[in-house]
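> dropping a prediction and its sequence here:
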Amino acid sequence: MFVLTVFTGAILKGFKGFSIIYAEEKSTKKKLSIYDEPKPDIILVESPTRLEKRIRQTRIQAIKASRDFEHKVHGTADKWIAMEQNTEKTIKEIVAQDERLMPGALYISVAGLAGTIIARNRNILLRIASPLFFTIASSYYFLPKTSHNISKKIQEYEQKSPKLLKVHHSIYEVASDTKQKVDSIIADLKSVGVDNNKSE
């Protein structure tokens, strides 16, 4: 039997087109399945329409605009709160602790209105100046420390702002010139009155 196997192998080896088959070798033939091949899943990719694109852009712009508006509102509110805090701090610095503000401020307001009433039939300059004069004079009488603090605060602002300092100096110069002119007119009138009395 062995000889037959070797002989058969030699004969088969002589033929070049044949290959040796071993019992343990797997079959290269694929068995056909009785089921259909599974179909691949179809994935539909929806592309947005022009209307959807336009709506999306509009929504993004609206959200951006609302966020910008919200930031501006918050910024304005923060500025307003800072301004309130600065005002409160300034008022606490100005108002003297040992002076009662309420009746004094009321008296000062009444004095300013009295200046308006006193000068109502006078010329325009006196009508403008008398309420200011009465208000300032009464403030130094009723609230002297607070009035002094206000004048110091005004001087601080003038030092910070050169334009305000120029305006203050120009007003002071005009007032001093006006005072000198009025004094000279009064002196001239007195001298004319004295001369008239001597001549009689």
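It's in.
> rest of the way, CA atoms for contacts and neighbours
Fine.
> can you tell me the element the residue positioned nearest the centre of the chain falls in?
Nearest to the geometric centre of the chain sits Gly75, at 3.3 Å (C-alpha atoms, centre = their mean). Taking DSSP states H and E as the criterion, Gly75 maps to helix 50-94.
> can you check Ala111 too?
Going by DSSP H and E, Ala111 is part of helix 101-118.
> before we move on, back to that, give the contact list for the residue nearest to the centre of the chain.
Neighbour list for Gly75: empty [criterion: C-alpha atoms under 8 Å, 6 or more residues apart in numbering].
> so how far is Phe134 from Leu126?
Counting by C-alpha to C-alpha, to the nearest Å, the gap from Leu126 to Phe134 is 12 Å.
> let's see the pLDDT reported for Glu156.
Note for Glu156: predicted pLDDT of 86.
> near it, how many other residues are there?
11 (other C-alpha atoms under 10 Å).
> what helix or strand does it sit in?
Glu156 belongs to helix 144-160 when assigned by DSSP H and E.
> name the helices or strands packed onto that helix?
helix 50-94, helix 124-142, helix 162-199 (3 or more C-alpha pairs under 8 Å, 6 or more residues apart in numbering; DSSP states H and E).
> sorry, back to before: what angle do the helix holding Gly75 and helix 144-160 make?
For helix 50-94 against helix 144-160, the angle by axes from the mean of the first three to the mean of the last three C-alpha atoms, to 10 degrees is 130 degrees.
> separation between the closest residue in space to Glu158 that isn't next to it in sequence and Ile154?
Excluding its sequence neighbours, the residue lying closest to Glu158 (C-alpha to C-alpha, 6 or more residues apart in numbering) is Leu165, at 4.9 Å. Distance, Leu165 to Ile154, using C-alpha to C-alpha: 10 Å.
> over to Gln97?
For Gln97, the distance to Ile154 - C-alpha to C-alpha - is 20 Å.
> so what does Ser33 have for phi and psi?
phi -80, psi 150 (degrees, to the nearest 10).
> now it: how far from Lys39?
For Ser33, the distance to Lys39 - C-alpha to C-alpha - is 14 Å.
> quick revisit: contacts for the helix holding Ala111, please.
Val95, Arg127, Ser130, Pro131, Leu132, Phe133, Phe134, Thr135, Ser138, Ser139, Phe142, Leu143.
> so what's the gap between stretch 79-95 and the chain middle?
Chain-centre distance of stretch 79-95: 17 Å, with C-alpha atoms, centre = their mean, to the nearest Å.
> hmm, back to that, please identify the most buried of the helices and strands packed on helix 144-160.
Among the helices and strands packed on helix 144-160, the stretch with the highest mean neighbour count (mean count of other C-alpha atoms under 10 Å) is helix 124-142, at a mean of 17.
> pLDDT averaged over that helix - what is it?
90.
> name the helices or strands packed onto it?
helix 101-118, helix 144-160.
> quick one: distance of that helix to the chain centre.
Worked out by C-alpha atoms, centre = their mean, helix 124-142 lies 38 Å from the chain centre.
> now do the same for Ile43: helix, strand or coil?
Per DSSP: H, G, I helix; E, B strand; the rest coil, the local secondary structure of Ile43 is coil.
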